[in-house]
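**Student:** Need the 3D shape of this:
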Amino acid sequence: MFSRILIANRGEIALRIIRAAKELGVETVVTYSQADRHASYLDLADEAICIGPAAAASSYLNVPSIIAAAEVANVDAIHPGYGFLAENAHFAEVCRSCNIEFIGPSVESMRLLGDKVACKKLAAKHKVPTAPGSKGAVEGADAAVKIAKDIGFPVILKAAAGGGGRGMRVAHNEIALRSGFTQAANEAEAAFKDGTIFVEKYFEHARHVEVQVLGDRHGNLVHLFERDCTMQRRHQKLIEEAPCPVLDKATRESLCRAAVRLCKAAGYDSAATVEFLLDEQRKYYLLEVNTRVQVEHPVTEMVTGVDILKAQIMAAAGEKLPVRQSDLALQGHAIECRINAEDPDRGFAPQPGMLERFDVPGGPGVRVDTHCRTGYAIPPNYDSMIAKLITFGDDRTRAIVTMRRALAEFQIAPIASTVTLHRRLMNNNNFVSSDIDVHFVERLLG
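**Tutor:** Residues are numbered from 1 along each chain as shown. The predicted structure follows:
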């Protein structure tokens, strides 16, 4: 096991990693920007090192500064958390070239699964269902139009190196496809320095279902069942739950086996999430693979009893997974609401500023992952998520009832937050009956 690791991240996930490391007997060094110099979790680490000014490009994305901090602190490994450099193969390569372990997959696996075109080809080879569309990169709008006519409109254009909705366009006809192709390629080039685009069939009423996978360096690889992330807005998840409420046993087993098969083919040895779209006939198609721990990992932890962060650290240290597939079973139901400092009534405008009141809920079946507290000033420089509220129950109905109670207890002032939106969603009949698709929230909000 490592003796000392550096956390190259901030906020809730930095605190989550500190806690996991402490339980493993591992010392932690946390990096921070000048904007985060008063964050309370800094006091919980064994050491805290400032790596630059507020701008992410000058701090949390500054590879030389992070490596310098790691060398000064004499750490064994770096945990990237999620976001920032978590899926940056170059960063992982630099870490290992400096004899610092990267707590994540191999560079080869990250590159293979992170490139959507290469990942799709690998999936097809190993009989993991993929959506109809181009077999590889599409060279120009004319080629995209030909493919769209073959598989039928609507189609979606995707950036091979993309994520978070960037470099994506939906087209219902040829005119929209031609204009969207240029826009998607330019956006992908600006965001990822890779304008490669591919085309897939677009499913109007799909659900978003993903499988949590864990691997180690001894060839062991297991799935921790699936999560449903259908409740989202503009490709940004709002509510996640485990397990998916509409999957039958046979589909669940097939889906999870497909995820394991794909990750084994890539030689995967860390935490990953294999994301799928589920159509109206309950057929599933590979969407992408996230080669890191996910924001929504707590719901899986609640229904399996597995600490994903600890297992990820152990795997990077060369230890075997603490569980085998035969040990794992689903127990109960968990729901997570992402609490963002955004105003749902004003187009989800960011709400940086002082938290004069931050009263978190508690009681049976409630977990809150947050780095915030009363008196904390939310900086304007980063993602707006300030907490994750997770509830657990013997079944989905109980988890929803507990979430309603927890949301009623959650008091945040004076800034606006998504707590008000979640209160509304938890009482929506479509959500309660799970009669939703990935566009449900956008239609509801108008």
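
**Student:** going forward, measure contacts and count neighbours with C-alpha atoms only.
**Tutor:** Noted.

**Student:** Quick check: the gap between Arg10 and Pro132.
**Tutor:** From Arg10 over to Pro132 the distance is 39 Å, taken as C-alpha to C-alpha, to the nearest Å.

**Student:** One more: Pro105?
**Tutor:** Distance of Pro105 to Pro132, computed by C-alpha to C-alpha: 29 Å.

**Student:** How about Arg4?
**Tutor:** Distance, Arg4 to Pro132, by C-alpha to C-alpha: 47 Å.

**Student:** Ala406 now?
**Tutor:** Taking C-alpha to C-alpha, one finds Ala406 at 42 Å from Pro132.

**Student:** Which one of these two is surrounded by more residues?
**Tutor:** Ala406 (23 against 17; other C-alpha atoms under 10 Å).

**Student:** and Arg16, helix, strand or coil?
**Tutor:** Here Arg16 is recorded as helix under DSSP: H, G, I helix; E, B strand; the rest coil.

**Student:** How about the contacts made by it?
**Tutor:** Contact analysis of Arg16 by C-alpha atoms under 8 Å, 6 or more residues apart in numbering lists Asp369.

**Student:** quick one: pLDDT of it?
**Tutor:** On the pLDDT scale, Arg16 is placed at 98.

**Student:** Now Gly219. Nearest residue, chain neighbours left out?
**Tutor:** Distances taken as C-alpha to C-alpha, 6 or more residues apart in numbering put Asp269 closest to Gly219, at 7.5 Å, once the chain neighbours are dropped.

**Student:** Is the one you found in contact with Arg217, as I believe?
**Tutor:** Yes: the pair Asp269 and Arg217 passes the contact test of C-alpha atoms under 8 Å, sitting 5.5 Å apart.

**Student:** The two: which has the busier surroundings?
**Tutor:** Asp269 (26 against 19).

**Student:** Which helix or strand contains that one?
**Tutor:** Per DSSP states H and E: Asp269 is located in neither a helix nor a strand.

**Student:** Let me know the average pLDDT across stretch 349-368.
**Tutor:** Summarised as a single mean, pLDDT over stretch 349-368 is 98.

**Student:** cool, and stretch 402-413?
**Tutor:** Averaged across stretch 402-413, the pLDDT comes to 98.

**Student:** Same check on stretch 305-325?
**Tutor:** Stretch 305-325 shows a mean pLDDT of 98.

**Student:** Give me the buried positions along it.
**Tutor:** Residues of stretch 305-325 classed as buried: 306, 308-317, 320-321 (neighbour count, 16 or more other C-alpha atoms under 10 Å).

**Student:** just stretch 211-221 next, same as before
**Tutor:** 211-217, 220-221.

**Student:** Also stretch 262-280?
**Tutor:** Buried-residue list, stretch 262-280, by 16+ other C-alpha under 10 Å: 262-264, 266-279.

**Student:** residue ranges with poor pLDDT in the stretch 151-300 of the chain?
**Tutor:** The model of the stretch 151-300 of the chain has pLDDT under 70 over residues 163-164.
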